[in-house]
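**Student:** One predicted model, sequence on top.
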Amino acid sequence: SSGINAEWPLRPGYEHIEYIKKKVSKRIGAMYRSKSLLPLKFRKMFANALMLPHFDYLDIIWCRTYKRKLKELDIIYKKVAKIALDVNPREPSINVYKQMGWLPLHLRRQLHLSCYMFRIVNEICPNHFIGNFTYISGGSRDGENCNLYTKKSKSHKEFFYLGAKAWNVIPQTLRASESVKQFSNTFKSLLLSKFSSDKGYQTDNSFNKFYQVD
């Protein structure tokens, strides 16, 4: 929802992850038992429609928690994909994500945060976000690239710190997208292409690290 309050605590991140794990685990059992009865197309539909929403809901808020808890969620996310594809549990994750058309969870969260930042920069967001980000001025490289000023943050968990940092790694051509949908689809394609061909790629669940595609 575009009406999200970026600092709304809902429940602590680690507690919300336990909630997701519990909800998804129930459906994993059902999907596993029915995998021999359903064609691949329908197993993928099951995973996309009934599993992914749990991982996505308010992820740009609850992700600011311990890396070990995010890693636990990664394990379940991969398990969902492997059951949907009916592949060996040891199948490399990158192969599985490519076949599902999924991003790794940390890149999925980066995509969602970046889409929200696109809304804010283009003022198609709630009013309380407008005016909270400023462009870097002067003749520096960041200024010439129209990057956002990254506010100081002791914890590096504040939305306005993370939002600016996520926005500043987005390619200039992508920032000029005509709509949120175009931005989202193009950025997802870039991320999928980049990480799947990046021989040095490693999962990094640090909430303040953002993957660069250019």
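**Tutor:** Great, that's in hand. Computed from a prediction, not measured in an experiment: that's the story for all the values here.
**Student:** Would you mind finding the longest helix in the protein?
**Tutor:** helix 13-34 (DSSP state H).
**Student:** just how off-centre is the lowest-mean-pLDDT helix or strand in the chain within its chain?
**Tutor:** Ranking every helix and strand in the chain by mean pLDDT, DSSP states H and E puts helix 141-144 at the bottom, with a mean of 80. What separates the centre of helix 141-144 from the centre of its chain is 26 Å, taken as C-alpha atoms, centre = their mean, to the nearest Å.
**Student:** follow-up on the earlier one: which residues outside the longest helix of the chain are in contact with it?
**Tutor:** With contacts defined as C-beta atoms under 8 Å, 6 or more residues apart in numbering, helix 13-34 is touched by 10-11, 43, 46-47, 50-51, 54-55, 58, 61-66, 69-70, 72-73, 76, 79-80, 83-84. Placement of C-beta: from N, CA and C, glycine included.
**Student:** Buried members of the residues you listed into PyMOL, please.
**Tutor:** Buried members of those, identified by 16 or more other C-beta atoms under 10 Å, are gathered into one PyMOL selection as follows:
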select buried, resi 43+46+47+51+54+55+61+62+63+64+65+69+70+72+73+76+79+80+83+84
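**Student:** Report the buried residues of the longest helix of the chain.
**Tutor:** Gly13, His16, Ile17, Ile20, Lys21, Val24, Ile28, Met31.
**Student:** Tell me which other helices or strands the helix or strand following it touches.
**Tutor:** The helix or strand immediately downstream of helix 13-34 is helix 40-46, counting by DSSP states H and E. For helix 40-46, the elements it packs on are helix 67-85, judged by 3 or more C-beta pairs under 8 Å, 6 or more residues apart in numbering; DSSP states H and E.
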